[in-house]
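# this is the structure alone, sequence omitted:
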Ligand SMILES: Nc1nc2c(ncn2[C@@H]2O[C@H](COP(=O)(O)OP(=O)(O)OP(=O)(O)O)[C@@H](O)[C@H]2O)c(=O)[nH]1
Ligand SMILES: [Mg+2]
């Protein structure tokens, strides 16, 4: 996005490239209406937020003489949104023609010839931001909404677009601003005998600002995952049923399953949505001493996938006994976010009944083995479909930490950094006050905190601070 002057008129094709039922050319700026009126022949004059049917001029046809029918190349619906009540807060005209790239390009070219400038990517939203109609978090949410891959992501973006994040930040920012005004007043008007608030009061106020920001900061763990999605790698020994579980989670026969160990050689990945979170599932080659070059390369890739994944699903063949090789496998994953599926439970179950009185079967020994390693495990049967719903739930819980999505949660690194630096500023200010550092210096920390919040909700000007000082303290009557 550019920071070019905002008093020129911009135009762009706002619908995606290609052919479609409808295509829209948008024009925004002081000349929008004048330009639009020359692009189309309106039967009824434009009026704010009213759709008008119009003929699109064919610019290459001669100017119509009186009484002649103009030569048109399409019919369009034209809507004018009078500034400031428009998306950009400027005069905005949308010409919805048929989605023919030829017609749309013709309209755009004509608009440019009539004095509009080609809009840069995101410039319509940038104008909405520059005009103050929306703040930066709302502008960013427009992009997130368009890019959303799941309904949950779209909901989150919509709430942010509606100002949910800004609203969550606003009370802390106001309290911070009041604190700054209080301290500025103490410094600026000290000789006027204005009582400077005692340090205890200042510290109490800082303490009052922190909690809502701390709570907000904590939403990032889940918000980031909801926003970006995550990868789950399915790993384990050959023949454990990794591909079968992969297919079961996908609800599709995607990966080849055979009784021969070493079936899967290459990585296979597919996307699913789990509780609104885009989850990339990666099926891998079974980990063992490779028998040939292809398998060896496949195992290298398995280990890479294992290293890259946010969550690791270890698949266990419960008809085997836990042994030395499995300890190696556990070592490989134990410091990761990991879940174990003790698979083929359908085969192990009869043993379970038979061995119930005895000291346990292989299934029970696996649970014991995994519990000792500190790995959460649950029984599954990929072929029977048992335990798959529970597996999904367990993965979702690992991904979200069990929290539900909430409006205004932090989803971007930029927002998270803003909140953490706001908190850092507050902490430094509290430390400085406790250390009896002069208030001028404490204020620097508080301003750092304020600017961080500004980067979310919009700039605080020196006037804002002054206004607060004067309104709160009645100085300078
Ligand atoms: N009874 C039973 N058989 C299963 C289950 N899961 C997988 N199998 C069988 O176990 C064999 C191996 O399954 P795969 O899904 O190919 O195992 P894998 O871990 O992907 O194997 P590799 O790709 O060779 O590492 C196949 O014959 C499956 O039908 C299960 O839950 N119960
Ligand atoms: Mg496989």
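Done, it's in. Everything numeric in this text was worked out from a predicted model, so none of it was measured. Numbers count the residues shown, from 1 in each chain. Ligands and ions are numbered 1, 2, ... in the order given.
# all strands of the protein, in order?
Along the chain, the segments classed as strands by DSSP state E run 10-13, 20-28, 40-42, 51-57, 72-81, 92-99, 117-118, 230-236, 268-274, 277-283, 311-317, 338-343, 376-379.
# now the ones you listed in JSON lines, with distance to residue 127, mean pLDDT and mean neighbour count?
Backbone N, C-alpha and C define where each C-beta goes, glycine included. Formatted as JSON lines, the strands of the chain follow (distance: least, CB to CB, whole Å; pLDDT from 0 to 100; neighbours: other CB atoms under 10 Å):
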{"stretch": "strand 10-13", "distance to residue 127": "8", "mean pLDDT": "96", "mean neighbour count": "24"}
{"stretch": "strand 20-28", "distance to residue 127": "6", "mean pLDDT": "96", "mean neighbour count": "20"}
{"stretch": "strand 40-42", "distance to residue 127": "23", "mean pLDDT": "94", "mean neighbour count": "19"}
{"stretch": "strand 51-57", "distance to residue 127": "22", "mean pLDDT": "95", "mean neighbour count": "18"}
{"stretch": "strand 72-81", "distance to residue 127": "12", "mean pLDDT": "96", "mean neighbour count": "20"}
{"stretch": "strand 92-99", "distance to residue 127": "9", "mean pLDDT": "97", "mean neighbour count": "23"}
{"stretch": "strand 117-118", "distance to residue 127": "12", "mean pLDDT": "96", "mean neighbour count": "14"}
{"stretch": "strand 230-236", "distance to residue 127": "35", "mean pLDDT": "96", "mean neighbour count": "24"}
{"stretch": "strand 268-274", "distance to residue 127": "34", "mean pLDDT": "94", "mean neighbour count": "16"}
{"stretch": "strand 277-283", "distance to residue 127": "31", "mean pLDDT": "95", "mean neighbour count": "22"}
{"stretch": "strand 311-317", "distance to residue 127": "41", "mean pLDDT": "95", "mean neighbour count": "26"}
{"stretch": "strand 338-343", "distance to residue 127": "48", "mean pLDDT": "96", "mean neighbour count": "26"}
{"stretch": "strand 376-379", "distance to residue 127": "51", "mean pLDDT": "95", "mean neighbour count": "18"}
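# to ligand 2, which of those lies closest?
Distances from ligand 2 to each of these were compared using CB to the ion; the shortest belongs to strand 277-283, at 6.0 Å.
# contacts only, for the residue nearest to residue 381 when sequence neighbours are not counted.
The shortest distance from residue 381 to any residue other than its chain neighbours is 4.1 Å, reached at residue 346 (CB to CB, 6 or more residues apart in numbering). Shown in contact with residue 346 (CB atoms under 8 Å, 6 or more residues apart in numbering): 381, 383, 384, 386.
# need the per-residue pLDDT for residue 346.
In this prediction, residue 346 carries a pLDDT score of 90.
# tell me the helices in the stretch 201-350 of the chain, going along the chain?
220-228, 242-250, 293-308, 324-333, 345-354 (DSSP state H, counting those that start in this stretch).
# deepest-packed of the ones you listed, please.
Most buried of those, by mean neighbour count (mean count of other CB atoms under 10 Å): helix 242-250, with a mean of 24.
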